[in-house]
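In: have a look; sequence and predicted model below, questions after that.
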Amino acid sequence: MPILNQPRSVIPGFGLTMGFSLFYLGLIFLIPVAGLLVFTATMSWADFWSAISHPQVVASYKLSFGASLVGATINLVFGMLVAWVLVRYTFPGKRIIDALVDLPFALPTAVAGISLVTLYATTGWVGQYLNLFGIKVAYTQLGVVIALTYIGLPFVVRTVQPVLEDLEAELEEASASLGASRFTTIRRVILPALLPAALTGFALAFARALGEYGSVVFISGNLPYRTEITPLLIVAKIEQFDYHGAAAIGSVMLLAAFLLLLLINGLQWWASRRR
Amino acid sequence: MTSSSLSSSVSHTTLVAHWRRATEEPVWLRRCLIAMALTFLGLFLVLPLIVVLYSAFSQGIDAWQAAITEPDALAAIRLTLLVVAIAVPANLVFGVATAWAVAKFEFRGKSVLISMIDMPFAISPVVVGLIFVVMFGSQGWLGPWLSEHDLKILYAVPGIVIVIVFGTLPFVARELIPLMQQQGKEEEEASLTLGASGWKTFWHVTLPNIKWGLIYGVILCNARAMGEFGAVAVVSGRIRGETNTLPLHIEVLYNEYQFTAAFAVSSLLTGLALVTIAIKSLVEWHDERRQRLAAE
C-alpha cells in the first residue's frame, strides 16, 4: 500500500521531510510518552488504584476539574463579548487591546503567578478592596479560578474572532427584514453560527487550565485537600521519589488530555463544516 | 456612512437610519458592552502587566539593575539563552520539515500526524517533566545505565533542554502548516519545472513566502521556551547558579521574599512577551496589507 495518496509530483523532499518529522516525533514525543504509560502498566492494579484514588488526590481532581470548568466558562462568556466588541465596534486603542489579548500565551506562567498573587493578596491593589467585602482570593480556591481564567483568556477570543469577521451581513439583514428584533437576531442567527468556534475555544481553555501549574502554585497556597491542584501532587510525589505514584496520576492526566484533544478535534471538524 | 451622504436626501436618510437600527445595537448598549469588555481585559491583562513593571522599578533603577546583574541572575540568563539556542533551532527545523510534508503532499494518516503535533499543547507541563523523570531518573528506565556510565541528564542541562524541546515542539509547525497549505504548491512546481533544484526552490520561492509566519513562529517558540516553568521545575533540581532558568530563579527569589528582585527579573521576560505580541501584530498587519493589495 503506497503511503503517498497522490499522482507523482515534481516537488521533491517527501521522504526527507516526512522521515525527519516522524523520527523527531518518535524520539522526543512518542517513545517518552510510551515510556510513562509502560512504566505505569508495570504497577499492580491495586497499587495503581490506591495511588489514583487516595482522598487527597481525589480532592485535587475535584479542584482542578471544577476550577478549570469555572475558568473556561468565564472565558466563554467574556471571550465572546471581547471578540464581539473587537470585531463589531470601534474605540480608541482597539489595536493595542486586540494585541494584548495574546499576552497570556506569551507571558511566562511564573510571572503571571507572582503578579496575580501580588494583585489579589489582602494588601494588593485589587485584593484590599475585595477584602472589604470579605472576599479572599489569594490562597483560596477562588485564587485558583483567577489564575486559570488568566491563562485561558485568549482561546475563546481567538477562535470566535475569525468566524465573526466572516459572518455574512446578509444573514442579519434578512433576519431583521423578516421582522426579528436585534435580540432575536443575535440569539437565533449569530449565536448558533458562533457556537462551534466558541465551544472549541472553551475546550482549549479547559484543557490548558487542567494541566496548568506555574501560574497556580503561587496564588493557591497549596493547602492539602483545599487548594492543591493535581499537577502539584505529581510534583510532590516526584520530589519524594515516589515515581510510581506520580506516574499513575500522570497517566490519568495524560488520558484526560488525550480525550480532550479528541473532543477538540471533533469540535473543530464541526466548526469547519458549519462555516 | 459619512454625515454628508446621510444628509443628501431626507428619504434616503430615514431609510439608512432604519436599516442601521435593525442590524446594529443602540449606542447605549454598544458603550455598555465596550465598557464591560475593557473592564474585564483591564482587570485580567493590563493590571498584572502594570504590577510587574511597577514592582520591578519600585526601589529605583539601581535596585532593578542590581537584581538582574547579580551572579545567580546572570547564571540563570546564561542558562536560559543556552537552552533556547538549542531548543528553538531544533523545533524550527522540525516545524519547516513537517509543514513541507503536510502542505505539499497528500498522504495516509496526515490528520493523525497533525493531531499528534498538537498533543504537547494539551499535556500538562508537570506531566512532561514526569515523562522524562521516568525515562532518565534513578528509578526510571535509563537511570541505572546512565549512572553506570557517569552521564547526567536529569537535574542537569540536557534534561532541561529536552523538556523545553518537548513543550515547545508545536509552535513553529502550527504556525507554518496553515500558511503553507493556503499558499498551495503552484509556485514551487513552476520553479522546479523551470529547472531549479529542490533546495534552490525552497530558499528562493518557499522561504520568502513563509518568512513572516516563520518569524512569528520562532519568536513565540522562543518566548515559550524562555518562560517554560512546570516541566523545568520537575527536571532541573533547582541548583542555584547551575540549573535555574529565569522562571525558576524568579520562583526562588519570590519564595525568599525578595519581591523587588523577583519582579525585576520578571520584567525581562515581560519585555520579551510584549515584543513577541508586537511582532505578532506586525505580521498580521503585513498579511492584511498583502491580502488587500492582492484583492485590488
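Out: Everything's here; your move.

In: can you report how many residues lie near the residue of the stretch 1-150 of chain B found nearest chain A?
Out: Nearest residue of the stretch 1-150 of chain B to chain A, counting by CB to the nearest CB: residue B:124, 2.7 Å away. (Each C-beta comes from the backbone N, C-alpha and C, glycine too.) Neighbour count for residue B:124, taken as other CB atoms under 10 Å in any protein chain shown: 26.

In: can I assume it is in contact with residue A:257?
Out: Yes - assessed by CB atoms under 8 Å, residue B:124 is found in contact with residue A:257 at 7.0 Å.

In: name the residues contacting each of those two.
Out: Common neighbours of residue B:124 and residue A:257, using CB atoms under 8 Å, 6 or more residues apart in numbering or on different chains, are A:210-211.

In: contacts only, for residue 101.
Out: Let's take chain A. Shown in contact with residue A:101 (CB under 8 Å, 6+ apart): A:82, A:86, A:153-154, A:157-158, B:41, B:45.

In: chain B, not that one
Out: Going by CB under 8 Å, 6+ apart, residue B:101 touches A:13-14, A:17-18, A:21, B:107.

In: drop anything exposed from those residues.
Out: For these, a burial check counting by 16 or more other CB atoms under 10 Å in any protein chain shown picks out A:13-14, A:17-18, A:21.

In: out of those, name the ones that lie in helices.
Out: Taking DSSP state H as the definition of helices, these contribute A:14, A:17-18, A:21.

In: what about chain B: which of those residues touch it?
Out: With CB under 8 Å from any CB of the partner chain as the criterion, these include A:14, A:17-18, A:21 near chain B.

In: ok, now how distant is residue A:201 from residue A:156?
Out: Residue A:201 is 3 Å from residue A:156, where distance means CB to CB, to the nearest Å.

In: now residue B:199: which helix or strand?
Out: Secondary-structure assignment from DSSP states H and E places residue B:199 in helix B:198-201.

In: which non-adjacent residue is nearest residue A:122?
Out: Sequence neighbours aside, residue A:131 is the residue nearest to residue A:122 in space, at 4.7 Å (criterion: CB to CB, 6 or more residues apart in numbering or on different chains).

In: burial of that neighbour, as a residue count?
Out: Here the number of neighbours of residue A:131 (other CB under 10 Å) works out to 17.

In: how about residue B:284?
Out: The local packing of residue B:284 (other CB under 10 Å) involves 15 other residues.

In: close to chain A, is stretch B:223-232?
Out: Yes - residues of stretch B:223-232 contacting chain A under CB under 8 Å from any CB: B:223-224, B:226-230.

In: so who does the spatially closest residue to residue B:237 that is not a sequence neighbour touch?
Out: Of all residues not flanking residue B:237 in the chain, residue B:155 sits nearest, at 3.2 Å (CB to CB, 6+ apart). By CB under 8 Å, 6+ apart, residue B:155 lies in contact with B:235-237, B:239, B:243.

In: residue B:80 too?
Out: By CB under 8 Å, 6+ apart, the contact list for residue B:80 reads B:226, B:245-246.

In: quickly find the element holding it.
Out: Assessed by DSSP H and E, residue B:80 sits inside helix B:71-104.

In: what is the nearest of the contacts of residue B:101 to residue A:4?
Out: Residue A:4 has its nearest neighbour among these in residue B:107, at 5.3 Å by CB to CB.

In: mind pulling up the pLDDT for the closest one?
Out: With respect to pLDDT, residue B:107 has a value of 91.

In: for it, list each beta-bridge partner.
Out: Applying DSSP bridges to residue B:107 gives these bridge partners: residue A:4.

In: and the closest residue to residue B:120 other than its chain neighbours, what does it touch?
Out: The shortest distance from residue B:120 to any non-neighbouring residue, by CB to CB, 6+ apart, is to residue B:169 (4.9 Å). Applying CB under 8 Å, 6+ apart to residue B:169 gives the contacts A:25, A:28-29, B:91, B:94, B:117, B:120.

In: so where's the stretch 51-200 of chain A shaky on pLDDT?
Out: In the prediction, the stretch 51-200 of chain A carries no residues with pLDDT under 70.
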